[in-house]
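Novice: Sequence unavailable; structure follows:
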C-alpha cells in the first residue's frame, strides 16, 4: 500500500515496505522545489523515515492519522499517529514527529505550476491533491 499527500501527490508518502529486513511501515518525504517534474538530488538521499514493525501486524486492521503543516521553509511539521483496534488500542499513539525540513513541494510539473506560497500562475490558491 502507499498513500501520497501533497500538491504533486507525493510530497509525503506513507507506505508498507519490505526493502530490508522484516516488513515495516515508512514515510518518504519529497519536499522542495520541483523543476519539470524532477526534484533536487537530495530527494534520493534517504528521506525515508521508519515507522516501525509491520510484520507482526499482518492480518490486523491498522489505523493511521497523518497531520501535515505545509511549509516551503523549515517551519513545517509532519506527525504520524497509529492504533491497532484489533489489539485493543483505543487511542492513537504518535509514531513519528518530523520538523526542520520543508514539507511543501512547489515549482513546475507538466501543465501545473505552484509558487512557494501555494498559488498558481494567476495568483489563485491551489487546493488539490
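Specialist: Thanks, I have it. Computed from a predicted model, the values in this text were never measured in an experiment. Numbering: from 1, shown residues only.

Novice: Quick one: name whatever helix or strand follows the lowest-mean-pLDDT helix or strand in the chain.
Specialist: Sorting the helices and strands of the chain by mean pLDDT, DSSP states H and E puts strand 2-5 at the bottom, at a mean of 61. As assigned by DSSP states H and E, the chain's next helix or strand after strand 2-5 is strand 12-17.

Novice: Pull out the buried positions in that following strand.
Specialist: Neighbour-count burial for strand 12-17 flags 12-15, 17 (criterion: 16 or more other CB atoms under 10 Å). (C-beta placed from N, C-alpha, C; glycine too.)

Novice: Pick out whichever of these sits closest to residue 24.
Specialist: Distance to residue 24, by CB to CB, is smallest for residue 17 among the buried residues of strand 12-17, at 6.1 Å.

Novice: gap between the closest one and residue 105?
Specialist: For residue 17, the distance to residue 105 equals 21 Å [CB to CB, to the nearest Å].

Novice: picking up where we left off before, can you put the buried residues of strand 12-17 in TSV and add pLDDT?
Specialist: Formatted as TSV, these follow (pLDDT from 0 to 100):
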residue	pLDDT
12	68
13	72
14	75
15	78
17	72
